[in-house]
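K.L.:
Provided below for reference: sequence and predicted model.
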There are 2 protein chains.
Amino acid sequence: MPEFRKDPLTGSWVIIAPERAQRPIDANHRTAQVEEFAEWSEECPFCSGNELMTPPEVLAYRSPGTGSNQRGWTLRVVRNKYPALSPDLELNTVTGNDLHRSMVGFGYHEVIIETPSHSRDFSFMALDEIEDVLWAWRDRLLSIRADKRIKYALVFKNYGHRAGASLVHPHSQIIATPMVPKRIEEEVQNMRNYYGEKGACLLCAMLNTEKSEKKRIVEQNQSFTAYCPYASMSAYQIMIVPNWHSSEFIELNPVQIKDLSKILWSVFRRLHSAVGGLVPYNLWLHNSPWWQEYDTSFFHWHIDLVPRLSELAGFELGSGLFINHTLPEEAAKTLASINIE
Amino acid sequence: MPEFRKDPLTGSWVIIAPERAQRPIDANHRTAQVEEFAEWSEECPFCSGNELMTPPEVLAYRSPGTGSNQRGWTLRVVRNKYPALSPDLELNTVTGNDLHRSMVGFGYHEVIIETPSHSRDFSFMALDEIEDVLWAWRDRLLSIRADKRIKYALVFKNYGHRAGASLVHPHSQIIATPMVPKRIEEEVQNMRNYYGEKGACLLCAMLNTEKSEKKRIVEQNQSFTAYCPYASMSAYQIMIVPNWHSSEFIELNPVQIKDLSKILWSVFRRLHSAVGGLVPYNLWLHNSPWWQEYDTSFFHWHIDLVPRLSELAGFELGSGLFINHTLPEEAAKTLASINIE
């Protein structure tokens, strides 16, 4: 029986309709999830030895004695060669009129090349490799935050063609903007309103409910909880939330980074195993905005992992209402039951 | 040079970044746009002769003397066999608490089987076939509107796998809900605010600007204008707007329906020809909400045609900011220059 559920974070309704999972799909419409499993690819700009195929590195974790933009790294961050935004432009104020408002495309667009290995997803990395990715996110966020013109930075990761990844090689990205994007603005408003009404954090309250109901928990450790949100927008959506109230990812300490890398690794193991095969996904970090003028300590950062098991179609894009074919309670049960040893 | 542009209808910013069109795509990630071109398919539930593979028809345009759910039709409307929502459920009020709000999945989910032919898109249909599709949309909207529990009905169409179509056979759909979906709510608010401030319709004002600037017009006829919106969310996005102020699609008269079918036919011809090949797309009709208690005469209905030439990825889903690789002015110029005779 289909059901509407409302996500208190975004204020959006979703439709949970398990019946729709049964519908037939034309044979020629089933996407083969073709992925490469090479350790190295000659043409790949992110592979070791191809450093000159990317813009110069802005950060690298590398062996002592190796020079910039050469071999010897375990992680590199470069500007995106085909950037959506550029820090070299001069930020102007909004121009145009009511109907045609525009602004120069000032901002940052960076790529975190997570490993020299051509085709290793989080679930196949060593824990210290994932830790390094998290340290790199933190290092770049710290650095970009120093530019006071930037109000928001979204860290995100696309895996698999269906999730919009144009290159196989494991990478995440950061796009930083001089305004707070709409979806973040919605979460900020909902968390702010809840704080104003109840004097408490909305996501802390959601987390407490999940912990007491125990219906949607995927995994927990000392620092983090992974659960399938009550109003998941897609099948097997997983949210990873710090157990303590924190509005800034950059406040993480080494122990917490270790705990986050552990839960990420095992959540991905669970996901790929539960669905059977490598699942295309989007992942993003919702961190606090960087407004100077407003307090945002009511914000609680979190990571969303959204598998792309069905295409977003006209209804979703035209209405903003998502249809999810899998009950979050069932997804969580399946994910939690996977043996990841 | 990348640029932010703001869409006054949705209130969302988009990033126009033509540079990103140059980026390399892994060879195994290029989706072959495999489509069938058969006139008939034995397995297709929407093909003539397979009427019993669908739920019973709720509307059909058929030759005199042919019976329901048999051959002899040119267009059929049936309930979706795998519905996102169902009209057989009893609509209850919202239940749950602040954090877990839910509502029974009451609503309508219907499929308009646009033609008996297995693989003919709008651009390959005869004009009177497209007219029939528009009459069917109107007939079903009229009928669904009679159910006072329904506040909104979205007509939409998915074409091609990448746009979320699970079946090749040409069809559109209607999903009708007991609440107004978020994206419509945003447009309603922006049109209401503009009307409140200026005493005029926002979309009428946008249309006038397009007609005087002449930079983004694709095609016009007596009743409709097709143009690429200033803040297009995707490459080659096209909006089709009635030249006169109208909040309800169902107010269309036969001459206007003819004009709409003509512009739809030629816009699709232009699109497929401009991009080269059959373009996967989503199309939706943004009609006025059906609130009894509020006046919505400020609303101006329109059709959005959104080609799916690149995948929506983590940045778009995580931020709500879309990245478009093609300047709307260039898209419009290319589309307008196509010879469609």
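P.N.:
That came through fine.
K.L.:
Next to chain B in this structure, residues from the stretch 151-300 of chain A, please.
P.N.:
A:154, A:156-158, A:161-168, A:173, A:175, A:177, A:179, A:181-184, A:186, A:194, A:205-206, A:209, A:230, A:282-284, A:286 (C-beta under 8 Å from any C-beta of the partner chain). C-beta: built from backbone N, CA, C; applies to glycine.
K.L.:
Tell me which of these fall in helices.
P.N.:
A:182, A:183, A:184, A:186, A:194, A:205, A:206, A:209 (DSSP state H).
K.L.:
From the domain annotation, what segments belong to each domain of chain A?
P.N.:
Segmentation of chain A into domains, based on automatic domain parsing, reads A:1-30+A:181-341, A:36-179.
K.L.:
Tell me how far the last one lies from the chain's centre.
P.N.:
Averaged C-alpha coordinates place domain A:36-179 at 13 Å from its chain's average position (C-alpha atoms, centre = their mean, to the nearest Å).
K.L.:
likewise the first one?
P.N.:
When distances are taken as C-alpha atoms, centre = their mean, domain A:1-30+A:181-341 is centred 10 Å away from the chain's centroid.
K.L.:
what ranges do the helices span in the stretch 201-341 of chain A?
P.N.:
A:202-213, A:254-275, A:314-319, A:328-337 (DSSP state H, counting those that start in this stretch).
K.L.:
right, so those helices: which one is the most enclosed?
P.N.:
helix A:314-319 (a mean of 24; mean count of other C-beta atoms under 10 Å in any protein chain shown).
K.L.:
And that one, what does it pack against?
P.N.:
For helix A:314-319, the packing partners by 3 or more C-beta pairs under 8 Å, 6 or more residues apart in numbering or on different chains; DSSP states H and E come out as strand A:322-324, strand B:152-159, strand B:171-177, helix B:182-198, strand B:281-286, strand B:302-307.
K.L.:
do the last one and chain A meet?
P.N.:
This means strand B:302-307. Yes - contact of strand B:302-307 with chain A (C-beta under 8 Å from any C-beta) involves B:304, B:306.
K.L.:
partners of that strand, with directions?
P.N.:
strand B:238-242 (antiparallel), strand B:281-286 (antiparallel) (DSSP bridges).
K.L.:
now these as CSV including mean neighbour count?
P.N.:
Output for those, formatted as CSV (neighbours: other C-beta atoms under 10 Å in any protein chain shown):
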stretch, mean neighbour count
strand B:238-242, 23
strand B:281-286, 25
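K.L.:
Throw the ones you listed into TSV and include mean pLDDT and distance to residue B:139, thanks.
P.N.:
Listed next are those as TSV, based on pLDDT from 0 to 100; distance: least, C-beta to C-beta, whole Å:
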stretch	mean pLDDT	distance to residue B:139
strand B:238-242	98	19
strand B:281-286	97	14
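K.L.:
Turn the domains of chain A into a markdown table, including distance to residue B:145.
P.N.:
Listed next are the domains of chain A as a markdown table, based on distance: least, C-beta to C-beta, whole Å:
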| stretch | distance to residue B:145 |
| --- | --- |
| domain A:1-30+A:181-341 | 17 |
| domain A:36-179 | 31 |
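K.L.:
Dump stretch A:9-19 to CSV, restricted to CA.
P.N.:
Provided in CSV are the C-alpha atoms of stretch A:9-19 (Å, rounded to 0.1, in the frame of the first residue of the first chain):
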residue,chain,number,x,y,z
LEU,A,9,14.9,18.0,7.3
THR,A,10,13.9,19.1,3.8
GLY,A,11,10.2,19.6,4.3
SER,A,12,9.5,17.5,1.3
TRP,A,13,7.0,14.6,1.0
VAL,A,14,8.1,11.4,-0.6
ILE,A,15,5.9,8.5,-1.9
ILE,A,16,6.9,5.1,-0.7
ALA,A,17,5.4,2.6,-3.2
PRO,A,18,6.8,-0.9,-2.9
GLU,A,19,4.4,-2.2,-5.6
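K.L.:
mean confidence score for that stretch?
P.N.:
In this model, stretch A:9-19 has an average pLDDT of 93.
K.L.:
and that stretch, which residues are buried?
P.N.:
Neighbour-count burial for stretch A:9-19, counted by 16 or more other C-beta atoms under 10 Å in any protein chain shown, picks out A:9, A:10, A:12, A:13, A:14, A:15, A:16, A:17, A:19.
K.L.:
Touching that stretch from outside, list them.
P.N.:
A:2-7, A:183, A:186-187, A:189-191, A:202-203, A:206, A:229, A:231-233, A:320-328, A:330, B:82-85, B:105, B:179, B:181-182 (C-beta atoms under 8 Å, 6 or more residues apart in numbering or on different chains).
K.L.:
among the residues you listed, which ones are buried?
P.N.:
The buried subset of the contacts of stretch A:9-19 (16+ other C-beta under 10 Å) comprises A:2-7, A:183, A:186-187, A:190-191, A:202-203, A:206, A:229, A:231-233, A:320-328, B:82-85, B:105, B:179, B:181.
K.L.:
check contacts around residue A:106.
P.N.:
By C-beta under 8 Å, 6+ apart, the neighbours of residue A:106 are A:85, A:86, A:87, A:89, A:90, A:91, A:149, A:178.
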